[in-house]
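>>> give me the fold of what follows.
(one chain, ligands or ions: 1)
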Amino acid sequence: MDECVAWIYSHRFNAFSFGQDHPFKIQRLALTFQLCQELGLLDGKSVDLVECPPAREEDLLVFHRRDYVQALREFSQGEGGRANFMFGLGDVENPVFPGLFEWALLGCGGTLEAVRQVLDQRCRRAFNIAGGWHHAHAARASGFSYVNDAVIAIEEAVRKGRRVAYVDLDAHHGDGVQEAFYDTDRVLTISLHETGKDFFPHTGFPREMGRGQGYGYAANVPLVAHSDDLIFEQAFRRVVLPLLSAYRPDILVTQLGMDVLRTDPLTRLELTTGSVEYAARCFLHTGLPWVALGGGGYDKINVARGWSLVWAIMTGCSVPDLLPPGFNRLASSLGYHSGRLRDLPHLAHPDDFCRAQDSLERHVAFLERRLFPLHGIPSRG
Ligand SMILES: [Zn+2]
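Below you'll find the model as predicted:
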């Protein structure tokens with residue numbers, strides 16, 4: 001069963017909602033499931049459909065503070081309206097909604113299950129599209145994230161003696177995960193994201209490289225607004241790939257927020273699905289046991305298209321450029337009219353491209369000078 005690939009999912013996801021006006025739409029999970037199904041990506045021989053198990057409350061205590069977890073549980077039982085701003089709970093960003101705690105336990109349980117699947121060698125790769133809540137802190141919800149599933153699951157791998165590389169490609173910096181492993185060399189965190197200069201969560205600069213034993217084990221490449229596929233490909237090839245080869249992790253965990261795509265309403269990067277497929281192919285080619293997680297993405301059809309393309313690569317299937325007819329009708333009813341599964345190529349305006357290239361050169365030069373030597377990676381001179 002070495003090459004088995006696990007799809008972690010639950011139809012219970014649909015029971016929850018952040019609220020009508022909140023940009024995070026849980027429906028994107030069901031849309032991804034449906035698109036994968038219509039593309040025939042869920043019925044291959046190597047695909048293992050695994051029901052997403054909820055995490056246990058004590059699993060959360062590996063990272064989260066007990067009083068915060070208690071508040072999550074208590075607030076979740078009412079009809080909403082509870083708030084504790086110290087915990088980041090109950091504002092417009094991180095609303096308190098009925099079943100919030102169950103929602104958080106499910107997402108986290110899915111990621112724990114995905115990591116256990118590869119740790120126990122039941123599967124070679126696993127995808128939890130309901131995971132990737134990279135902004136959650138030990139005692140504070142942030143950026144729509146209540147429980148940091150990646151941190152909790154990676155901790156389990158570390159406890160079992162594994163070295164983990166965490167690569168975060170969401171449009172926002174993976175601050176919560178970086179922070180959790182800032183002092184250790186057992187987890188290498190790498191984040192490519194839209195620059196935090198004037199953008200949430202305002203962190204993720206190249207000088208953030210870890211601390212103490214962890215110095216050199218956090219890597220950040222901020223991309224300026226309007227960076228396109230050409231910029232992303234260079235950042236990935238020049239920073240992510242050499243670090244992964246030098247670090248030689250036992251397991252790869254990736255956060256694949258789809259808010260990097262050009263038409264996302266909350267971000268300003270200009271990537272297409274071409275970048276998503278490029279990154280996924282590179283991850284596959286490392287040959288490492290690979291746990292993929294979801295993340296951001298505020299255009300529902302973009303999310304479904306991006307994650308379906310990732311899943312196709314994880315399972316070694318080829319897919320057409322166009323959406324299957326049934327899903328296309330549904331997408332059309334939701335305002336997506338191009339009919340395409342894969343985006344057409346897109347290049348940023350030349351002025352924006354030059355700005356992005358200049359900025360990238362500066363950041364890569366800094367990392368080559370300061371971070372790469374700690375991993376014995378020769379500079380290009
Ligand atoms: Zn994001």
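>>> Ala157 touches Leu119, doesn't it?
Yes: using C-beta atoms under 8 Å, Ala157 makes contact with Leu119 at a distance of 6.0 Å. (C-beta placed from N, C-alpha, C; glycine too.)
>>> between the two, which contacts overlap?
Ile251 (C-beta atoms under 8 Å, 6 or more residues apart in numbering).
>>> show me what from the stretch 201-350 of the chain comes close to the ion.
Contacts of the stretch 201-350 of the chain with the ion, taken as C-beta under 5 Å from the ion, map to Gly257, Asp259, Gly296.
>>> quick one, what contacts the second one?
Taking C-beta under 8 Å, 6+ apart as the criterion, Asp259 is in contact with Asp170, Ala171, His172, Leu266, Thr267, Leu269, Gly295, Gly296, Gly297, Tyr298.
>>> what's the last one sitting at in phi/psi?
Going back to what we said before, that points to Tyr298. phi -110, psi 10 (degrees, to the nearest 10).
>>> one step back: pull the most distant pair out of the contacts of Asp259.
Within the contacts of Asp259, Leu269 and Gly295 form the most distant pair, 13.5 Å apart (C-beta to C-beta).
>>> the two - which one has more neighbours?
Under the neighbour definition other C-beta atoms under 10 Å, Leu269 and Gly295 were set side by side, and Gly295 has more, 29 against 26.
>>> that one contacts Met258, doesn't it?
Yes: between Gly295 and Met258 there is a contact under C-beta under 8 Å: 7.3 Å.
>>> so Ser191 sits in a strand?
Yes: membership of Ser191 in a strand is supported by DSSP: H, G, I helix; E, B strand; the rest coil.
>>> tell me what it is bridged to.
For Ser191, the beta-bridge partners are Asp168, Asn220 (DSSP bridges).
>>> give me the residue from the protein nearest the ion.
Gly296 (2.7 Å; C-beta to the ion).
>>> contacting residues for that residue?
Applying C-beta under 8 Å, 6+ apart, we find Gly296 in contact with Gly132, Gly143, Phe144, Asp170, Ala171, His172, Gly257, Met258, Asp259, Leu266.
>>> can we see that at 7 Å?
By C-beta atoms under 7 Å, 6 or more residues apart in numbering, the contact list for Gly296 reads Asp170, Ala171, His172, Gly257, Met258, Asp259.
>>> max pairwise distance over those residues: which two?
His172 and Met258 (11.8 Å).
>>> backbone phi and psi for the residue nearest to Asp183 when sequence neighbours are not counted, please?
Spatial nearest neighbour of Asp183, chain neighbours left out: Gly214 (4.4 Å); criterion: C-beta to C-beta, 6 or more residues apart in numbering. For Gly214, the backbone dihedrals (degrees, to the nearest 10) come out as phi -90, psi 10.
>>> okay but Gly214 is in contact with Asp185, surely?
Yes: Gly214 lies in contact with Asp185 (C-beta atoms under 7 Å); the separation is 5.8 Å.
>>> looking at those two, which is more packed in?
Neighbours per residue, other C-beta under 10 Å: of Gly214 and Asp185, the larger number sits with Gly214, 19 against 16.
>>> now do the same for that one: its pLDDT.
At Gly214, the pLDDT value in this model is 98.
>>> which non-adjacent residue is nearest Asn300?
Check again: residue 300 is Lys, not Asn. In space, and not counting its chain neighbours, Lys300 is closest to Arg28: 4.4 Å by C-beta to C-beta, 6+ apart.
>>> show me what the host helix or strand of the one you found is packed up against.
Using DSSP states H and E, Arg28 sits in helix 27-38. If contacts are counted by 3 or more C-beta pairs under 7 Å, 6 or more residues apart in numbering; DSSP states H and E, helix 27-38 sits against helix 300-314, helix 325-333.
>>> 10 Å instead, please
Contacts defined by 3 or more C-beta pairs under 10 Å, 6 or more residues apart in numbering; DSSP states H and E place helix 27-38 against strand 5-9, helix 300-314, helix 325-333.
>>> perfect, that will be all.
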